[in-house]
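# I need the structure of the sequence given here:
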Amino acid sequence: MKAVIATAAGGPEVLEYTDVPEPVAGPGQVLVKVDAAGVNFIDTYRRSGIYKMNFPHVVGSEGSGHIVALGQDVTDVAVGDTVAWASAPGSYAEYVVVDDQELLPVPEGMDMRVAGALPLQGMTAHYLCRSTYPVSEGTVALVHAAAGGVGGLLTQLITSHGGRVIATAGTPEKADLARSYGAKEAIVYTEVGDLATELPRRVRVLAGGGVDVVFDGVGKATFDASLASLRPRGMMVLFGGSSGQVPPFDLQRLNSGGSLFITRPTLAHYTLTRQETLWRADEMFGAAASGRLKVRIGETFSLADAAQAHRALESRQTTGKVLLVP
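Residues are numbered from 1 along each chain as shown. Take a look at the predicted model:
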């Protein structure tokens, strides 16, 4: 079968579209024919060596497709079922093996590209505002990159639970998109002078003294501004590093900033049980199927163009979800 492998730690140029043996489902696993594979920043962290990986490896972990074979002891699904998943190594391929405990049922009639776009970013948005910082009526949140895949879904979820979103985006067009997701205000950060001082000043004016929570998936470029935008006892939720990883910092900044909280969560720790995973997935898929949640497919690339997809994602040229289609 065709697949995309990372030959060594490095930039997008290390990705190679090539032939690899078709995997075989073992006990507790299923073999899935991939309809769409999600492209995520975690894929770039693994490819580049930020996250420790063995090389070469088939890239990707998210997608949607149709079950074509069952391993031993699999009884809850059948050949032909449509499924999605957030965590199955080797998803940039024509076929992938998925543990049956990772399978997410796809609502009948849902576009498989939407199904492939939703698991990782959807469940991430869900845990961020339902568990890490449970948003309620009147919560004021700063959401960075609110026109992106997670940011757009997160903005919609926050507003649906009564929160108010102050968004940041890289262009006026992206700011308009963030507003279409429900953001009350949107700041084009590339038009801000000194990001670390001017952005917090604008946010504090809009929020009346500081926001309750910052959801920051950008990382290095926005970290200082994020901390400075919080009200006393506010929470900084750093869930990614699309601009680079945040270097070590002095914990006394949390004291001087107003007894602030900071956390660095990841999806794996918010899907510790099958029950928790299905709760998050069912709410997100249900909202998308009913039309209450907009799932934007930003760009779609062929599997052979995975390197181009990574370049587009890392340069922050995209809005919504980036997909690979075998």
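
# which element is the residue most central in space within the chain on?
Within the chain, one residue has its C-alpha closest to the average C-alpha position: by C-alpha atoms, centre = their mean, that is residue 121, at 3.2 Å. When elements are defined using DSSP states H and E, residue 121 is found to belong to helix 119-127.

# leaving out the residues flanking it, which one is nearest to residue 300?
residue 323 (4.9 Å; C-beta to C-beta, 6 or more residues apart in numbering). Where you see a C-beta, it was placed from the backbone N, CA and C, and this is true even at glycine.

# can you list the buried residues in the helix or strand the one you found falls within?
When secondary structure is defined using DSSP H and E, the element that contains residue 323 is strand 321-325. Using 16 or more other C-beta atoms under 10 Å as the burial criterion, the residues of strand 321-325 that qualify are 321-324.

# in its sheet, what does the longest strand along the chain sit against?
Longest strand of the chain, by residue count under DSSP state E: strand 29-39. Note on strand 29-39: by DSSP bridges, its sheet partners are strand 63-70 (antiparallel), strand 95-99 (antiparallel), strand 321-325 (antiparallel).

# what angle do helix 119-127 and that strand make with each other?
Angle, strand 29-39 to helix 119-127, by axes from the mean of the first three to the mean of the last three C-alpha atoms, to 10 degrees: 80 degrees.

# what does the following helix or strand past the helix holding residue 121 contact?
Past helix 119-127, heading to the C-terminal end, the next element that is a helix or strand (DSSP H and E) is strand 140-143. Strand 140-143 is touched from outside by 129, 133, 135, 151, 154-155, 158, 163-168, 178, 183, 203, 207, 211-216, 226, 229, with contacts defined as C-beta atoms under 8 Å, 6 or more residues apart in numbering.

# strands paired with strand 140-143, and their directions?
Here the strand partners of strand 140-143, with direction, are listed using DSSP bridges: strand 164-169 (parallel), strand 211-216 (parallel).

# now the longest helix along the chain: mean pLDDT?
Using DSSP state H to define each element, the chain has its longest helix at helix 274-290. When pLDDT is averaged along helix 274-290, the result is 96.

# contact partners for the closest residue to residue 123 other than its chain neighbours?
Spatial nearest neighbour of residue 123, chain neighbours left out: residue 280 (4.4 Å); criterion: C-beta to C-beta, 6+ apart. In this structure, residue 280 makes contact with 122-123, 126-127, 130, 270-271, judged by C-beta under 8 Å, 6+ apart.

# who wins for most neighbours among those?
Highest neighbour count within the contacts of residue 280: residue 122, with 28 neighbours (other C-beta atoms under 10 Å).

# that one contacts residue 284, doesn't it?
Yes. Taking contacts as C-beta atoms under 8 Å, residue 122 lies within contact range of residue 284: 3.8 Å.

# which neighbours do those two share?
Taking C-beta under 8 Å, 6+ apart as the contact criterion, the residues that touch both residue 122 and residue 284 are residue 153.

# how about the contacts made by residue 302?
With contact taken as C-beta under 8 Å, 6+ apart, residue 302 is in contact with 324-326.

# equivalent analysis for residue 199, please.
Taking C-beta under 8 Å, 6+ apart, one finds 168, 187, 189, 192, 222, 225, 229 in contact with residue 199.

# again, 10 Å this time
The neighbours of residue 199, taking C-beta atoms under 10 Å, 6 or more residues apart in numbering as the test, are 142, 144, 168, 187, 189, 192-193, 222, 224-226, 228-229.

# just the buried members of those residues?
Taking 16+ other C-beta under 10 Å as the criterion, what is buried in the contacts of residue 199 is 142, 144, 168, 187, 189, 192, 222, 224-226, 228-229.

# dump those to JSON lines, plus distance to residue 104, secondary structure and pLDDT.
As requested, these are arranged in JSON lines below (distance: C-beta to C-beta, whole Å; DSSP: H, G, I helix; E, B strand; the rest coil; pLDDT from 0 to 100):
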{"residue": "142", "distance to residue 104": "30", "secondary structure": "strand", "pLDDT": "98"}
{"residue": "144", "distance to residue 104": "27", "secondary structure": "coil", "pLDDT": "97"}
{"residue": "168", "distance to residue 104": "30", "secondary structure": "strand", "pLDDT": "97"}
{"residue": "187", "distance to residue 104": "35", "secondary structure": "strand", "pLDDT": "97"}
{"residue": "189", "distance to residue 104": "34", "secondary structure": "helix", "pLDDT": "89"}
{"residue": "192", "distance to residue 104": "39", "secondary structure": "coil", "pLDDT": "89"}
{"residue": "222", "distance to residue 104": "31", "secondary structure": "coil", "pLDDT": "94"}
{"residue": "224", "distance to residue 104": "37", "secondary structure": "helix", "pLDDT": "96"}
{"residue": "225", "distance to residue 104": "35", "secondary structure": "helix", "pLDDT": "96"}
{"residue": "226", "distance to residue 104": "31", "secondary structure": "helix", "pLDDT": "97"}
{"residue": "228", "distance to residue 104": "38", "secondary structure": "helix", "pLDDT": "97"}
{"residue": "229", "distance to residue 104": "34", "secondary structure": "coil", "pLDDT": "98"}
